[in-house]
Structures are given as C-alpha cells and as structure tokens.
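1. take this sequence and fold it.
(2 chains)
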Amino acid sequence: MPNESRARRTARPPNFFLIILIVPAIVIPVIIVLMLYEIGNGSIDAMRAFGLSFLFGTEWIPNPPQGGLPVLGALPAIYGSVVTTTLSLILAVPVSLGVALFQAELSPRALRVPSVFLVEMLAAVPSVVYGLWALVVLVPFMRDFINPNLSATLGFLPLFSGPTNGLGMLTAGVILAIMIIPYASSVMREVIAAVPRSQREASLALGATNWETIRTSVLPFARTGIVAAVVLALGRAIGETMAVTMVIGNVARISPSLFLPAYTIPSVIANEFTEVAGNTIYLSALFELGLILFAIAFIMNLLGRVLITRLTLRTRGGAIV
Amino acid sequence: MYVVLATVSFLIALVPLVSILYVTIANGFAALNVDFFTQVTPPIGGTGGGILNAIEGSFVMIGIASVIGVPVGVFAGAYLTEFPGRFTYNVRLLAEVLTGVPSIVTGIFVYELLVATQHRFSALAGGVALGFMMIPIVAISTNESLKLVSSSIREGGLALGISRAKTLIYILLSTARSGVITGIALSVARVMGETAPLLFTALGSQFLMTSINDPASSMTLLIYNFGTAPYANSHVFAWGAAFVLLLIVLSLNILVRVASRLKVSGAE
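-> Residues are numbered from 1 along each chain as shown, chains lettered A, B, ... in the order given. The predicted model follows:
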C-alpha cells in the first residue's frame, strides 16, 4: 500500500544514542541474573541431595572415611559467620559512631579533611594485607594479652572458656570490626552531615550545649541513616573472606567459646573449593553456600540502600554511595 | 567529655592503620632487591627468586578488567544520567547492590562461567572476575560525576545543534573528566587488592604467562599463599609483595584524592 511505505520512509529514525548507552546499562542486571543462574545451577545437586536439612545440619564431612555419600550441613559455617559478624558489629558500631561524630561535628575545622583522609586510607588496605598483619600482630596480641585477661575475669562464662592459640572467632571478630569501621563511619558521617543546619541552630538557639544538640537534634534525625550504616556494614562483614580465613582457624565446629577456631561461609568456600577433586556433591554444596552468602549480602545491601534513600528523600540531601 | 570519647574512638581507629604501615614497611623493605623484581617465585619454602610472575599477573589481569570495566562502566553511568526514569532508578540500585556482592561469590560465578566451561584456569577468567567488580563502581562514580555537571552546559551544547551523543562525549564527559578518572583510579586500586575472586579463576602459578589462557599469579594470591605457608622463607616474599602492593594501592588513593582536592579548590 503506498501510504504505508511512505509512512515507513518518513518515520522517526531510531535513537542510536539510546541504544548504544542502554546496552552497557543492561549489562548490570544481566550480570546479577547470570550470577544467580550459574550459582543456582551449581547448587542443584546439593539441594536435591540434602534439601532443607542442609541449613540445619551440623556435620561437615565431605569425604566419609567409610565411603558413601558426603554428609554436609551448613550450620557450623552459618554459626561462625553470624557470631563473628555480630561480634564485629558490637565492637565497630560504637567506635564508628564516635569516629563519624569526630569527623562531622566535634573535631577542629582544620582536622576535618585529614581525619576523613586517614580513615579512607584504612579502607584502602587490601584484605590479604590485613590478614598478614593480623597473623603477625593481632593473633599474638589476642593470645598473649587479651584472651588470658578475658579468661581470668570472665572465664566462668562459656563464651570465654577453654584454651586459646589466638586463632578463633574472637580474633576474627576483631579483625572484621577493624575492617568495617571505615565503611560504617563514612556512611554515618554522611548522614550526620546531611542533617539540616536549621535543626542544629534551633537547638543551639534554645541554649543547648554542643553535646545536647547532637544528642537531641542531630542523632535522632540521622537515626535511619545510622541503622542503614549498620546494615550495610553487616552485609560487608559477612562477605569478608581473606582476612577472616587467615585468623579463624578453619575448623567446621560449633563451639560456645569464642576462643576456639571455627568456620565462616566465605572461609569454607575459599579453603575447600580447590580440594573438591571430582566430588560433585561437595562442589555443589560449596555453591549452595555461595548462594546463601549471596542472598544474605544482597538482602542486607538492598535494605541498607533503601533506608538511605528514604533518609535522603526526607532531608533532600546529597548522594551517599 | 563526649569530645574525649569521640577523639578516643578516632585514635582507636587509627592504631591499626599505623601498625599495618609500620609492620609492612619494616618487614617488607628488607625483602626488596633486584632479584625480587626480575625473577619468578621459587617453590613454597625455597629461597631465591622474586615475584615477577605475581607482578605480571596482577597487571595483566587489571588490564583485562579495565578493558571490560571502564567502557561498560562509563557508558552505563552515562545512561543513568541521560535517561532518568523508573528503569534507570532500578538499574542504579542494582549497581549499588552489585558493589556489595562478596568478591568470593563473584569468583565462583566466573569459575562456573569460564573455568568449568573451558576446563582451565586462566588469567582471562581472573581478569573478567575483576572486571565484573569494576563495572558497578565505575558506573556509579561516572553517574555521580555527570550529575554534578550543571545542566546549562548540556543545554548549551544542545542549543548549538550538537547531537546528544556528541554533547555527551565532547562536552559532558570532558567537564566531568576528573571525577570519572577518579572513579576509575579508585576502582583499579580496589580490584588490585582483591584475592578471593582470583582463587578459583586465575588459580596462581609459579611461572610467567605465555598467554592469557594460562593460569596466573597475582600479588594478592602470592601474599595469601606464601603468607600462610609454614616456612619463614616464604613469609619474606609475602611481606615484600605486601609492601609493594600497599605502596601502589595507597599511592593511587592518595594521588587521586589530592588531585581532586586541588582541582576543587583551584579551578571551579
């Protein structure tokens, strides 16, 4: 039909600009989907073999001495991850809040930029270097100084019972805490700085001291953001592999004492991935652990970002990456 | 009183930094000599040799990662700025989430994607894993830098009749140049220090590569393998490599931040 061909000839040209730019942008969700697919695919064998009991199984025996199928349960790794992450948050959140307040409010103006810079340097140190440092400085420090004192004062608690050689959940918690301080404090600093000046000035005008202003006007306003910082730090801590692997002792055991070695989900994968040697269920179980780790980190990250967006909308402030 | 608490927290946070710097310099400097930079690693426990294969591996894999990460990241970031909307908002959120994916998960993903399918460990797989980590970081920082360019500049370009594509490339990206380069440099510094994604992709090697399809070592893998070995000889290499790596990573970070601060206080 002549009208149709003329309509086609004079149609608006396709927006090549959009097409060329949208392809790289689509790569991002594609990577996530592909990641889920590949890791899910890899975990199918283990999911079929163990089902839901994988999450609650306490035995981790990849190669039973009498032969037969591996008996694999994720609970020791999950337990270790949960304990070390919780410990690291208990240690890091107060310090991070103090650092953030120091950087945003309480330091002399001249120290603001250098203080932020120094903490950013802490974040730039590679994980293996943290691990190496921990082996040489932190582990002996814990073994010879902290753990004996804890044993002497709080040793009646099952948390601090038993012998120690410095490698264990407590040391792992400490190194994790050190590693997440820069991350948590930078998010907290941004949310504290985003609190509108009108809030502070109103409080000061009413005669409040500096600390009272922070306590009553700034911190409650930034509360959502501080929670977001904790959630994001949790997501970061749970995925941390190298430094933890080097200090946690790598033993698949659930023990009440923080002094004893344990496993975390990333440590299991890091340590045992190359030792699978054709044991397909073993490899698949490691993939399933990776899937669990991915899910936890994904949820924590999403939650943290959504909280920050809600806070940003409220203060009409800047962007927090 | 509370000022004291905050100051003490800050000092507590600084103690590990100072200690790490001191210990790494003290132990690492002694390991450096000409052989260190020109020879390949001895077997674990042996003496003599250097870390040339690790240095080569690190740089080759970062090169591969940049080839993937920089173009995809910069143009994805440009898309996020130029076409705001529901889809863009979600892609940006997904990019932020992707930066939080544990690096070991990226490692097993690329293992399944490239190593299991090709039946070999390779520097290419390692580089791809690092590249996947670079993409969201570069995309987000490019997006942020482009957002800072005032809209009057974009409107000026379009008003002169320049196409959107050319406005983006010649005007907007040039104006945001320093922010974009900062983002790229910081992402390079970040992936240079990664170990977990390389554990099952590049695997590590004692030799120099003959092609990117060979397994390769990296400074981080070397620090991990030699640092956890029960031989004092091996530890020497680990500390030397840690010193070099820390020097590169911290210098990059410092350089980038100093340059962008000078730019901000000087020019604009």
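2. counting neighbours, what do you get for residue B:89?
-> By the criterion of other CB atoms under 10 Å in any protein chain shown, residue B:89 has 12 neighbours. (C-beta placed from N, C-alpha, C; glycine too.)
3. next one: the helix or strand containing it, is it in contact with chain A?
-> Using DSSP states H and E, residue B:89 sits in helix B:86-99. Yes. In terms of CB under 8 Å from any CB of the partner chain, part of helix B:86-99 sits within range of chain A, namely B:88, B:90-91, B:93-98.
4. distance from the helix or strand bottoming out on mean pLDDT in chain A to the middle of the chain?
-> Lowest on mean pLDDT, DSSP states H and E among the helices and strands of chain A sits helix A:2-9, with a mean of 80. Its chain's average C-alpha position is 58 Å from that of helix A:2-9, according to CA atoms, centre = their mean, to the nearest Å.
5. let me see the contact set for residue B:200.
-> By CB atoms under 8 Å, 6 or more residues apart in numbering or on different chains, the contact list for residue B:200 reads A:273-274, B:107-108, B:111, B:115, B:121.
6. skipping its backbone neighbours, what lies nearest it in space?
-> When the adjacent residues along the chain are set aside, residue B:200 lies closest to residue B:111, with 4.4 Å between them (CB to CB, 6 or more residues apart in numbering or on different chains).
7. my read: that neighbour touches residue B:201, true?
-> Yes. In this structure, residue B:111 sits in contact with residue B:201. The criterion is CB atoms under 8 Å, and the distance is 5.9 Å.
8. surely residue A:58 is within a strand?
-> No. Inclusion of residue A:58 in a strand is not indicated when DSSP: H, G, I helix; E, B strand; the rest coil is applied; the result is coil.
9. so it touches residue A:78, yeah?
-> No. Applying CB under 8 Å as the test, residue A:58 and residue A:78 come out as separate, 10.2 Å apart.
10. higher neighbour count, those two?
-> Of the pair residue A:58 and residue A:78, residue A:78 is the one with more neighbours under other CB under 10 Å, namely 20 against 13.
11. what residues does stretch A:13-32 touch?
-> Contacting residues not belonging to stretch A:13-32 are listed as B:71-73, B:75-76, B:78-80, B:82-83, B:88, B:90-91, B:94-95, B:97-98, B:132, B:135-136, B:139, B:163-165, B:168 [CB under 8 Å, 6+ apart].
12. of those residues, buried ones?
-> B:72-73, B:75-76, B:78-80, B:82-83, B:88, B:91, B:94-95, B:97-98, B:132, B:135-136, B:139, B:164-165, B:168 (16 or more other CB atoms under 10 Å in any protein chain shown).
13. just the pLDDT at residue 149, thanks.
-> Going with chain A. Residue A:149 is assigned a predicted lDDT (pLDDT) of 86.
14. wait, I meant chain B there
-> 89.
15. gap between it and chain A?
-> Here the criterion is CB to the nearest CB, to the nearest Å. By it, residue B:149 lies 14 Å from chain A.
16. list phi and psi for that residue.
-> Phi and psi for residue B:149, reported as degrees, to the nearest 10, are phi -70, psi 130.
17. so what's it up against?
-> The neighbourhood of residue B:149, defined by CB under 8 Å, 6+ apart, consists of B:172, B:175-176.
18. swap in 10 Å and give it another go.
-> Counting by CB atoms under 10 Å, 6 or more residues apart in numbering or on different chains, residue B:149 touches B:81, B:171-176, B:179.
19. please report how far the closest residue to residue B:32 other than its chain neighbours lies from residue B:27.
-> Spatially, and ignoring its direct neighbours in sequence, residue B:32 is nearest to residue B:240 (5.7 Å; CB to CB, 6+ apart). Going from residue B:240 to residue B:27 by CB to CB, to the nearest Å gives 8 Å.
20. what's the helix or strand where residue B:258 lies packed up against?
-> Secondary-structure assignment from DSSP H and E places residue B:258 in helix B:232-266. Using 3 or more CB pairs under 10 Å, 6 or more residues apart in numbering or on different chains; DSSP states H and E as the contact criterion, the neighbours of helix B:232-266 among helices and strands are helix A:109-124, helix A:127-133, helix B:2-29, helix B:34-38, helix B:52-82, helix B:177-192, helix B:219-227.
21. one more pass at 7 Å, please.
-> Identification of packing neighbours for helix B:232-266 by 3 or more CB pairs under 7 Å, 6 or more residues apart in numbering or on different chains; DSSP states H and E yields helix A:109-124, helix A:127-133, helix B:2-29, helix B:177-192, helix B:219-227.
22. I'd like the distance from the third one to the chain centre, please.
-> Using CA atoms, centre = their mean, the distance from the centre of helix B:2-29 to the centre of the chain it belongs to is 24 Å.
23. so which bits of it are buried?
-> Burial within helix B:2-29, assessed by neighbour count using 16+ other CB under 10 Å, is assigned to B:2, B:5-7, B:9-10, B:12-14, B:16-17, B:19-20, B:23-24, B:27-28.
24. cool, stretch A:8-24 as well?
-> Judged by neighbour count (16+ other CB under 10 Å), stretch A:8-24 contains these buried residues: A:17, A:21-22, A:24.
25. report the central residue of chain A.
-> residue A:236 (1.6 Å; CA atoms, centre = their mean).
26. does that residue sit in a helix or strand, and which one?
-> With the criterion set as DSSP H and E, the secondary-structure element containing residue A:236 is helix A:223-239.
27. how far away is the residue of the stretch 151-300 of chain A found nearest chain B from residue A:294?
-> Scanning the stretch 151-300 of chain A for proximity to chain B using CB to the nearest CB identifies residue A:239 as nearest, at 2.7 Å. Applying CB to CB, the value for residue A:239 to residue A:294 is 9 Å.
28. what residues are up against the residue nearest to the centre of chain A?
-> When the contact criterion is CB atoms under 7 Å, 6 or more residues apart in numbering or on different chains, the partners of residue A:236 are A:180, A:183, B:100.
29. for residue A:205, state which of these is nearest.
-> Distance to residue A:205, by CB to CB, is smallest for residue A:183 among those, at 35.0 Å.
30. pLDDT weak spots in the chain?
-> With no chain named, the answer covers chain A. Applying pLDDT under 70 to chain A picks out residues A:1-2, A:314-321.
31. that was the other one, I meant chain B.
-> Low-confidence segments of chain B, defined by pLDDT under 70: B:263-268.
32. since that was my last question, I'll sign off now.
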